[in-house]
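Undergrad: test case, fold it:
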Amino acid sequence: QVQLVESGGGLVQAGGSLRLSCAASGSGFSIVAMGWYRQAPGKQRELVAPITRGGDTNYTDSVKGRFTISRDNTKNTVYLQMNSLKPEDTAVYYCNAEALVCSAYGCSTRAYWGQGTQVTVST
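TA: Numbers count the residues shown, from 1 in each chain. Alright, predicted model coming up:
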């Protein structure tokens, strides 16, 4: 099993910055890819930014130039630096990890989710 623990959310004024962190823990796993999703009230969960183990990244159009995703493979941790925050960035942010999990019965790829962290941007 893999557990994801997020931190760093909070309340910030428009134009401000926040940094989210997500640490993966457990045993018998290898992280393949990680990413951040968000879900605003009344909206579907959307992919904000994924990052591969090799460091390849992508961003949804609305955050390009403002958000930066990074990861530390030695710590199984992914970060999301959010600058120039806007009220429309307000959402619950979820960490996602795709992990190769192995046991005595073999290996398989599974997806895991963090508990979510609230980001609120005020005007």
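Undergrad: what segments of this structure are strands?
TA: Along the chain, counting by DSSP state E, strands occupy 2-7, 10-13, 18-26, 29-39, 46-52, 67-72, 77-82, 91-103, 106-113, 117-122.
Undergrad: and Val92, what does it touch?
TA: 38-40, 116-119 (CB atoms under 8 Å, 6 or more residues apart in numbering). Where you see a C-beta, it was placed from the backbone N, CA and C, and this is true even at glycine.
Undergrad: which two of those residues have the greatest separation?
TA: Ala40 and Thr117 (13.7 Å; CB to CB).
Undergrad: more neighbours, these two?
TA: Between Ala40 and Thr117, Thr117 has the larger neighbour count (other CB atoms under 10 Å), namely 23 against 14.
Undergrad: for the more buried one, name its beta-bridge partners.
TA: Bridge pairing for Thr117 (DSSP bridges) gives the partners Tyr93.
Undergrad: okay, it: pLDDT?
TA: Confidence at Thr117, expressed as pLDDT, is 97.
Undergrad: just to revisit the earlier point, would you mind giving the strands of the chain as CSV with distance to Thr60 added?
TA: CSV is the format used below for these (distance: least, CB to CB, whole Å):
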stretch, distance to Thr60
strand 2-7, 19
strand 10-13, 20
strand 18-26, 15
strand 29-39, 9
strand 46-52, 6
strand 67-72, 9
strand 77-82, 12
strand 91-103, 12
strand 106-113, 18
strand 117-122, 15
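Undergrad: looking at those strands, spot the one closest to Asn58.
TA: strand 46-52 (5.6 Å).
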